[in-house]
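Chemist: The sequence isn't on hand, but the structure is:
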């Protein structure tokens, strides 16, 4: 009978692969990688941080030989706890493999496509593509401050862009564990890179391939039909959601059940002209009408359409201010450095008796009060006038189409609009995007007087008229805070709550989800199941097919954590 190496033997092997500096075994150093951005936490034997694709392969081989669970992790910015261990009831040791030291991005086909390595980020991709006049499939969104490219693919992340749909590709390079427990490398990148795993990985890392080695098979590198799907406003099915079998393929939607080394993705031309329209109304039906009119009658789809409710506007202004200012003043590329600084400071704070829990949250919140109001005056005026806010970005011929439409619409309908200056546009979009950080900060600052947090990531049917939630009084009285925001053209709403102290958040969550079921909604829409949602049969079957031994990220979607799915 084959015996697995001991934990000490595995640690020694991993140290020879990644070096002592990049193998974290001290609890205080492991903690930032074992605690989710918003939810989820659990112990791990170690955190390995490989600095190359070959090192990543060797780490995986060592863990498989040791019969150890592997939790793949990139930026750890997920909102449902799916990129960290969750609890301590696994039946094997757990090793977290963080890939952020492998951030390479390679350009192919004159910028029309890219290869994103395991730790590459959307921020980095935007910068690299700019000289080519191209942009990524996804842009910075509420859930992806500093997010990785591969993480978006693995979670079918939806993003903000109306024409492009969920992050998706059929071309990737990944490792999988077979029925026999052996690990194999699968090259579906469409690039001839060699035969053996280390030869393939070394050639890719070093760019040792020619234009002639790059093939263009009949495979998708983006969702090529979403622009048609989103226009069908009469459909009783949501436009996009994580369990949609149409967009589950190998790395796409794998949720960590494969170890993904690199993905190949399409890029898109940067529009000649963009214009942001800031729209306000007190009547949800007006937004319902705008959505249907724009999607079904406009010749040009919007670039994006980001909704935010007044209560969320106010909370984000207060509790997302520091994140807003960092991105606005220092640029999005500073965010990873900020996260690293926060991790270091929190580690020191935990060792210092007189410093409180959540020290960096409290410190940054205090410092944000020292800065004057960061939001444009016209936005603030609309905050006072309107309950519902919609930041709609149009491009090229769509600009005049939207301008003409809004001028005519608001002669008779409740509401108004204004065309943003470039500075207003940047701040309106950024304010909406940092809304995703607000829930955690609000809870951290006020946690002593609050109950738990609940996050709902809901995809409503495309023909759903009652898109804005109206809660019964007995639920309202259990809530301390409601935050409503989302991608309204796609009918994807993020509905986040903080409950009052003593309220059973899980029971309340189940009650809310049952109401969404009755309305034909799907969830999660774009944040994936993580450890917060129950994976349906489509996802469960997909996960089992990818990982028959259940060694990669077991327990995801509230599935079995046991070996071979016992």
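Modeler: Nice, thanks for sending it over. The structure displayed is predicted, hence computed values, not measured ones.
Chemist: Quick one: the helices in the stretch 301-450 of the chain, in order.
Modeler: 310-319, 321-330, 335-350, 359-368, 377-385, 397-409, 422-433, 438-446 (DSSP state H, counting those that start in this stretch).
Chemist: now swap in the stretch 1-150 of the chain and tell me
Modeler: Going by DSSP H, counting those that start in this stretch, the stretch 1-150 of the chain shows helices at 7-18, 27-34, 53-65, 122-129, 149-154.
Chemist: Which stretch among those helices approaches residue 472 most closely?
Modeler: Nearest of those to residue 472, taken as CB to CB: helix 149-154 at 36.2 Å. Every residue, glycine included, has its C-beta placed from N, CA and C.
Chemist: Give me the helix or strand of this protein that scores worst on average pLDDT.
Modeler: Ranked by mean pLDDT, DSSP states H and E, the weakest helix or strand in the chain is helix 335-350, scoring a mean of 79.
Chemist: Could you list every helix and strand in contact with that one?
Modeler: For helix 335-350, the packing partners by 3 or more CB pairs under 8 Å, 6 or more residues apart in numbering; DSSP states H and E come out as helix 27-34, helix 321-330, helix 359-368.
Chemist: Export those helices to a markdown table and append columns for mean pLDDT and mean neighbour count.
Modeler: Output for the helices and strands packed on helix 335-350, formatted as a markdown table (pLDDT from 0 to 100; neighbours: other CB atoms under 10 Å):
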| stretch | mean pLDDT | mean neighbour count |
| --- | --- | --- |
| helix 27-34 | 92 | 18 |
| helix 321-330 | 90 | 18 |
| helix 359-368 | 92 | 17 |
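Chemist: Out of the ones you listed, the one nearest residue 414 is which?
Modeler: Among these, helix 321-330 sits nearest to residue 414 (CB to CB), with 29.1 Å.
Chemist: which parts of the least confident helix or strand of the chain are buried?
Modeler: 335, 336, 338, 339, 342, 343, 346, 347, 349 (16 or more other CB atoms under 10 Å).
Chemist: Out of the residues you listed, which is nearest to residue 188?
Modeler: For the buried residues of helix 335-350, the nearest to residue 188 is residue 336 (28.5 Å; CB to CB).
Chemist: ok, back up a step: tabulate the helices of the stretch 301-450 of the chain in CSV, adding columns for distance to residue 466.
Modeler: Putting the helices of the stretch 301-450 of the chain into CSV (distance: least, CB to CB, whole Å) gives the following:
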stretch, distance to residue 466
helix 310-319, 19
helix 321-330, 31
helix 335-350, 36
helix 359-368, 35
helix 377-385, 23
helix 397-409, 21
helix 422-433, 22
helix 438-446, 24
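Chemist: per-residue confidence for residue 141?
Modeler: Here, the pLDDT recorded for residue 141 equals 47.
Chemist: Oops, could you answer that again for residue 3 instead?
Modeler: 63.
Chemist: what's the answer for the one 3 residues further on, then?
Modeler: For residue 6, the model assigns a pLDDT of 88.
Chemist: out of the helices of the stretch 1-150 of the chain, nearest to residue 173?
Modeler: helix 53-65 (8.3 Å).
Chemist: what does the average pLDDT come to for that closest one?
Modeler: On average, helix 53-65 scores 98.
Chemist: Tell me the helices and strands packed up against that helix.
Modeler: Helix 53-65 packs on helix 7-18, strand 69-73, strand 94-98, strand 172-177, strand 183-187, helix 197-206, strand 259-266, going by 3+ CB pairs under 8 Å, 6+ apart.
Chemist: let's see 7 Å
Modeler: Helix 53-65 makes packing contacts with helix 7-18, strand 172-177, strand 183-187, helix 197-206, strand 259-266 when contacts are defined by 3 or more CB pairs under 7 Å, 6 or more residues apart in numbering; DSSP states H and E.
Chemist: could you give the angle of that helix to strand 172-177?
Modeler: For helix 53-65 against strand 172-177, the angle by axes from the mean of the first three to the mean of the last three CA atoms, to 10 degrees is 20 degrees.
Chemist: I'd like the helices and strands packed on helix 335-350 as JSON lines, with distance to residue 440 appended.
Modeler: Putting the helices and strands packed on helix 335-350 into JSON lines (distance: least, CB to CB, whole Å) gives the following:
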{"stretch": "helix 27-34", "distance to residue 440": "14"}
{"stretch": "helix 321-330", "distance to residue 440": "11"}
{"stretch": "helix 359-368", "distance to residue 440": "8"}
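Chemist: I'd assumed residue 138 was in contact with residue 159.
Modeler: Yes. Between residue 159 and residue 138 there is a contact at 3.9 Å, judged by CB atoms under 7 Å.
Chemist: what about residue 9, distance to residue 218?
Modeler: 46 Å (CB to CB, to the nearest Å).
Chemist: between these two, which one's more packed in?
Modeler: residue 9 (13 against 5; other CB atoms under 10 Å).
Chemist: Distance check, the residue nearest to that one when sequence neighbours are not counted against residue 42.
Modeler: Among residues not flanking residue 9 along the chain, residue 66 sits closest, at 7.3 Å (CB to CB, 6 or more residues apart in numbering). Applying CB to CB, the value for residue 66 to residue 42 is 19 Å.
Chemist: try residue 137
Modeler: In terms of CB to CB, residue 137 sits 32 Å off from residue 42.
Chemist: ok, those two, which is more surrounded?
Modeler: Just comparing residue 137 and residue 42: by other CB under 10 Å the higher neighbour count belongs to residue 137, 27 against 20.
Chemist: my read: that one touches residue 252, true?
Modeler: No. In this structure, residue 137 is not within contact of residue 252 by CB under 7 Å, at 11.9 Å.
Chemist: hey, what's in contact with both of these two?
Modeler: Counting by CB atoms under 7 Å, 6 or more residues apart in numbering, no residue touches both residue 137 and residue 252.
Chemist: In the stretch 1-150 of the chain, where is pLDDT below threshold?
Modeler: 1-3, 139-146 (pLDDT under 70).
Chemist: Try it again at 50.
Modeler: 1, 141-144 (pLDDT under 50).
Chemist: Please tell me I have it right and residue 72 contacts residue 97.
Modeler: Yes. The pair residue 72 / residue 97 is scored as a contact, 5.6 Å apart, by CB under 7 Å.
Chemist: possible to save the helices and strands packed on helix 53-65 as TSV with distance to residue 283?
Modeler: Formatted as TSV, the helices and strands packed on helix 53-65 follow (distance: least, CB to CB, whole Å):
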stretch	distance to residue 283
helix 7-18	57
strand 172-177	45
strand 183-187	52
helix 197-206	54
strand 259-266	39
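Chemist: Looking at these, which one is packed in the most?
Modeler: strand 259-266 (a mean of 26; mean count of other CB atoms under 10 Å).
Chemist: I'd like the next helix or strand past it.
Modeler: strand 268-269 (DSSP states H and E).
Chemist: Please enumerate residues in contact with that next one?
Modeler: Contacts for strand 268-269 (CB under 7 Å, 6+ apart): 133, 134, 135, 137.
Chemist: just these now: which is nearest residue 395?
Modeler: For the contacts of strand 268-269, the nearest to residue 395 is residue 135 (10.9 Å; CB to CB).
Chemist: For that closest one, list each beta-bridge partner.
Modeler: residue 268 (DSSP bridges).
Chemist: Measure how buried residue 508 is and give me the count.
Modeler: If we define neighbours as other CB under 10 Å, then residue 508 has 18 of them.
Chemist: just checking, it touches residue 502?
Modeler: No. With contact defined as CB under 7 Å, residue 508 does not reach residue 502; the gap is 11.7 Å.
Chemist: Quick check: nearest residue in space to residue 89, chain neighbours excluded?
Modeler: That would be residue 561: by CB to CB, 6+ apart, it lies 6.4 Å from residue 89.
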